[in-house]
Every structure is written in C-alpha cells, then in structure tokens.
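Here is my input; please provide its structure:
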Amino acid sequence: MIDKFLNAKHWQLFILLFGIPFIVQTIMMKEITSQFDSIANQGDLTFPDFSTSIIVTIVVTVLYSVVYYSWIWSLGIGLQSKIPQQLSMNVSRFKAALIFPIIYLALLCVYIYFVFTSSMEFNLSHIAIMIPFHLISMFCMIYSLYFVGKTIKTAELKEEIRFSDFIAEFLLLWVYPVGVWILQPRINRLNTEEFTEGIESHLVE
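Sure thing, here's the model as predicted:
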C-alpha cells in the first residue's frame, strides 16, 4: 500500500482527496437547500429528513479520510528508507500521533450518525467531553504534518535540518489541495531515487 501512495500521481491524489469529496458535498448541500426551500414554499413546519444526506456525507468523509491518512502514513513511513541511518526519526511517535485523530474521527462520525438518525439527543455535555479530545487530535495532526514535512526534506538533503528548512513542506501538507501538486512529484522522484542510483553506479562500473 505504501508504494502505491508514493508512486501515485499528483492528479490522482487530488481527485481522491479533493475532487470527489467536493462534488459530493456540493450535491448534498444543494439537496439540503432544496428541502428547506420546499418547506418554505409549502409552509410545512415539519423538519426535513436528512438521514440520507448525513449517511452519504459520513461515507464520503470516511473514504476521504482513509485516503488522506493513508497518504500521510505512507509518506512518514515509506520515506524513512531514504534517510541516512544517523538521521533516523522516531517513527513510533509519529504512528501514535496519526492513529489518535483516526480513532477520534471514527467516533465522531458514529456520534453524528446516531444524533441525526436515531432518538439520541444532542447534549452540551457532549461538547465539553469532545473539546479536549478535539484539541489533542489537532495537536497530533500538526505533529504528524511536522514529521512528514521534515521526513521529505531530510530525505532530499540527506542532512540534519531545522524547522525553517522545511516550513514550506509543512504548509503544503496543511493546504494539501495545492500542496499535493507540488509535493507528490518530488515524492515520486524520491521513491525512485535508489533505483536510479543503482543504475548509475552500474554504468560507472
């Protein structure tokens, strides 16, 4: 799986990470808006049934998240082989930081599903419980992007670097709809670097 994401083209990832989710969400928003317009025109005070829209949105969110987190995971893990051994990074910490937001997002999707499709009532105490987990999840994602940005730059330069050296990579990972067009071609080259170097050394011999 890791090699598939490292070898994926930038346009393929863009479609999966942004194109399809954007189209589906746009359709769902139009559907919800049309339901409210219908209620306003008919004077019906019955709250519309959004269960189908919610389920579709959750499914798309899950699929998008699988692609996004798999991409980040593949970059953080797969590019470690391109980093000199003396510059090796703490992969276990990265794995833990990335897994926490995945678990949080899964639980949040389940919560939203039951709130909108069952008799479960929304309660302000739920927000109080979610806030600290949400903040921890945000911190974990920031660290994950920091780790991946540093991994990419270290794999390219093969030397010790500071945050100022890879701040561009960090920001591009943050705004991934733009960043994927710039970063993924570099990742493709890094992933074939060992193969290219092997050919060159063979020709020299």
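
Now Phe147: which helix or strand?
Phe147 belongs to helix 124-157 when elements are defined using DSSP states H and E.

Give me the packing partners of that helix, helices and strands only.
Contacts defined by 3 or more C-beta pairs under 8 Å, 6 or more residues apart in numbering; DSSP states H and E place helix 124-157 against helix 51-78, helix 91-117, helix 163-174, helix 176-191. The way it works is simple: take the backbone N, C-alpha and C, and place the C-beta from them, glycine included.

Any buried residues in the shortest one, and which?
Applying a neighbour-count criterion of 16 or more other C-beta atoms under 10 Å, one finds 166, 169-170, 172-173 buried in helix 163-174.

Going by distance to Leu124, which of those residues wins?
Proximity of the buried residues of helix 163-174 to Leu124 (C-beta to C-beta) peaks at Leu173, which lies at 34.1 Å.

In contact with the closest one, which residues?
By C-beta atoms under 8 Å, 6 or more residues apart in numbering, the residues touching Leu173 are 72, 145, 148-149, 179, 183.

mind running it again at 7 Å?
For Leu173, the contact set (C-beta atoms under 7 Å, 6 or more residues apart in numbering) comprises 145, 148-149, 179.

Could you do Gly149 as well?
Gly149 is in contact with 166, 169-170, 173, counting by C-beta under 7 Å, 6+ apart.

What of Ser74?
Residues near Ser74 by C-beta under 7 Å, 6+ apart: 1-2, 5-6.

Okay, and which of those residues map to helices?
Secondary structure from DSSP state H places 2, 5-6 of the contacts of Ser74 in helices.

what comes up buried for stretch 109-123?
For stretch 109-123, by 16+ other C-beta under 10 Å, it's 109, 113, 116.

ok, the last one touching Ile54?
Yes. Judged on C-beta atoms under 7 Å, Phe116 makes contact with Ile54 at a distance of 4.5 Å.

So, low pLDDT: which residues of the protein?
35-51, 118-120, 122, 194-205 (pLDDT under 70).

Provide a list of residues in contact with the residue nearest the centre of the chain.
Most central in the chain under C-alpha atoms, centre = their mean is Tyr68, positioned 3.1 Å from the mean C-alpha point. The contact partners of Tyr68, taken as C-beta under 7 Å, 6+ apart, are Leu17.

chain center to the helix holding Phe147, what's the gap?
11 Å (C-alpha atoms, centre = their mean, to the nearest Å).

That one versus helix 91-117: what angle between them?
140 degrees (axes from the mean of the first three to the mean of the last three C-alpha atoms, to 10 degrees).

what about Ile54, distance to Val24?
13 Å (C-beta to C-beta, to the nearest Å).
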